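1. Quick one, what's the 3D model for this:
(one chain, ligands or ions: 1)
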Amino acid sequence: MSVLVVGSTALDSIKTPKAENPRLLGGSASHAAVAASFFAPVKMVGIVGKDFPKRYMDLYRKHKIELSGLQIAEGKTFHWSGEYETNMNNRRTLATELGVFETFSPNLPESHKNTPYILLANIAPSLQHHVLDQIKNPRFVVADTMDLWINIALSDLLKLIKRVDAFVLNDSEAKLLTNEDNILKALKKIHRLGPDYVIIKRGEHGSILSGPSGLFIAPAYPLQRVVDPTGAGDSFVGGLLGYLAAAKGSIEKNLRRAIIHGSATSSFCCEGFGLTQTTKITPVDIQNRVAQLEQMVKF
Ligand code: AMP
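-> So this is what the prediction gives:
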């Protein structure tokens, strides 16, 4: 079954203590769609400007991502730049230039409206709502977000959280959203906002799933060298939903394995700038890391 991904389609300029790379392929939708494509057919919805390099379109195509929902508009592609400290958990945004996103309205082609698995990757909650309004009978809807929307679009975000099956955010965002320092208390509060499943991303420390059958504590795949973690959260959720779309049986039964597949997929993202490493791997590489993770947590 297929996955529909909506989110940002961007050019990212990324600076780490060791290197600097301008205008890489980035954006929450790009990372999530490529990650999901290792498991299931993907339709991506977004917008790019006329400056969007052809080689990046070719990369989407290499991953068989269906692009009829990707608008190409007059103007500049969304551009984000960020800088990492030596401790790669710390990042600051240097600039966000909205470009064509300023007037973006994600209108879905008819062929997209019956997609069963929906990933509302990080983008303004009003746009996530607009996509959801057009979807008919989805099987599972996951939404991701970022601190910016908690700060400037809280009321839209709270309405969105009510409409999704799973809500994904990182631990500092969970604390910001709930005013709770304790993650268990934060989880409880987020469930009260609506979703059956809440997934907290914790970077190199993995993730926590909270759902009807309790908690699942998932590891991240341990890496000796992190080159650039940009997009790891998006890859995680893309891999997770791609796996769910391809798996047989209930969501409840498959979600833990889906999370481990998300962890394994996102580990590759951290090993190269932007999507450089993720676009080089194969499903077998992901399966190998899933098998290793399985060994590491067995007791
Ligand atoms: P992550 O590292 O998972 O937080 O995701 C980083 C990606 O988010 C980058 O590829 C950016 O292009 C994208 N991004 C940054 N700021 C925004 C924003 N305000 N809205 C949507 N996407 C964004």
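2. make it CA atoms for all contacts and neighbour counts henceforth
-> Fine.
3. isn't Asp147 right up against Glu173?
-> Yes. Between Asp147 and Glu173 there is a contact under C-alpha atoms under 8 Å: 5.6 Å.
4. the more surrounded of those two?
-> Ranked by neighbour count (other C-alpha atoms under 10 Å), Asp147 and Glu173 place Glu173 first, with 21 against 16.
5. Now do the strands in the protein.
-> 3-6, 10-15, 20-26, 42-49, 65-73, 78-84, 91-97, 117-120, 140-144, 166-170, 197-201, 207-211, 214-218 (DSSP state E).
6. which outside residues touch the second one?
-> To tie it back to what came earlier, the one meant is strand 10-15. With contact meaning C-alpha atoms under 8 Å, 6 or more residues apart in numbering, strand 10-15 is reached by 20-27, 30, 48, 52, 77-84, 273-274.
7. need the residues of the protein near the ligand, please.
-> The chain comes close to the ligand at residues 8, 10, 12, 26-28, 80, 122-123, 230-234, as judged by C-alpha under 6 Å from any ligand atom.
8. Buried ones from those residues, can you make that a ChimeraX selection?
-> Only the buried entries of these go into this ChimeraX selection, using 16 or more other C-alpha atoms under 10 Å:
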select :8,10,12,26,27,28,80,122,123,230,231,232,233,234
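9. re the thing from before, dump the strands of the chain to JSON lines, plus distance to Asp58 and mean pLDDT.
-> Output for these, formatted as JSON lines (distance: least, C-alpha to C-alpha, whole Å; pLDDT from 0 to 100):
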{"stretch": "strand 3-6", "distance to Asp58": "18", "mean pLDDT": "98"}
{"stretch": "strand 10-15", "distance to Asp58": "15", "mean pLDDT": "98"}
{"stretch": "strand 20-26", "distance to Asp58": "11", "mean pLDDT": "97"}
{"stretch": "strand 42-49", "distance to Asp58": "14", "mean pLDDT": "98"}
{"stretch": "strand 65-73", "distance to Asp58": "10", "mean pLDDT": "98"}
{"stretch": "strand 78-84", "distance to Asp58": "18", "mean pLDDT": "97"}
{"stretch": "strand 91-97", "distance to Asp58": "24", "mean pLDDT": "96"}
{"stretch": "strand 117-120", "distance to Asp58": "22", "mean pLDDT": "98"}
{"stretch": "strand 140-144", "distance to Asp58": "26", "mean pLDDT": "98"}
{"stretch": "strand 166-170", "distance to Asp58": "29", "mean pLDDT": "97"}
{"stretch": "strand 197-201", "distance to Asp58": "30", "mean pLDDT": "98"}
{"stretch": "strand 207-211", "distance to Asp58": "32", "mean pLDDT": "98"}
{"stretch": "strand 214-218", "distance to Asp58": "34", "mean pLDDT": "97"}
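10. Out of those strands, which gets nearest to Phe299?
-> Taking C-alpha to C-alpha, strand 214-218 is the member of those nearest to Phe299, at 13.8 Å.
11. ok, whatever residue of the stretch 1-150 of the chain ends up closest to the ligand - contacts?
-> The ligand sits closest to Gly27 of the stretch 1-150 of the chain, with a gap of 3.4 Å, by C-alpha to the nearest ligand atom. By C-alpha under 8 Å, 6+ apart, the contact list for Gly27 reads 7-12, 231.
12. Quick check on it: phi, psi?
-> phi 100, psi 150 (degrees, to the nearest 10).
13. State the distance from it to Pro116.
-> According to C-alpha to C-alpha, to the nearest Å, Gly27 and Pro116 sit 23 Å apart.
14. what does Arg225 give?
-> 37 Å.
15. and those two? which has more neighbours close in?
-> Higher neighbour count among Arg225 and Pro116: Pro116, with 18 against 9, using other C-alpha under 10 Å.
16. ok, the more buried one touching Lys43?
-> No. With contact defined as C-alpha under 8 Å, Pro116 does not count as touching Lys43 (11.3 Å).
17. List the residues that are in contact with both of those two.
-> Common neighbours of Pro116 and Lys43, using C-alpha under 8 Å, 6+ apart, are 2-4.
18. for the strands of the chain, which one ends up most surrounded?
-> Across the strands of the chain, averaging neighbours per residue (mean count of other C-alpha atoms under 10 Å) puts strand 3-6 on top, at a mean of 30.
19. what's the closest residue to Phe268 other than its chain neighbours in contact with, if anything?
-> Using C-alpha to C-alpha, 6 or more residues apart in numbering and skipping residues adjacent in sequence, the residue nearest Phe268 is Thr278, 5.5 Å away. When contacts are counted by C-alpha under 8 Å, 6+ apart, Thr278 touches 34-35, 265, 268-269, 272.
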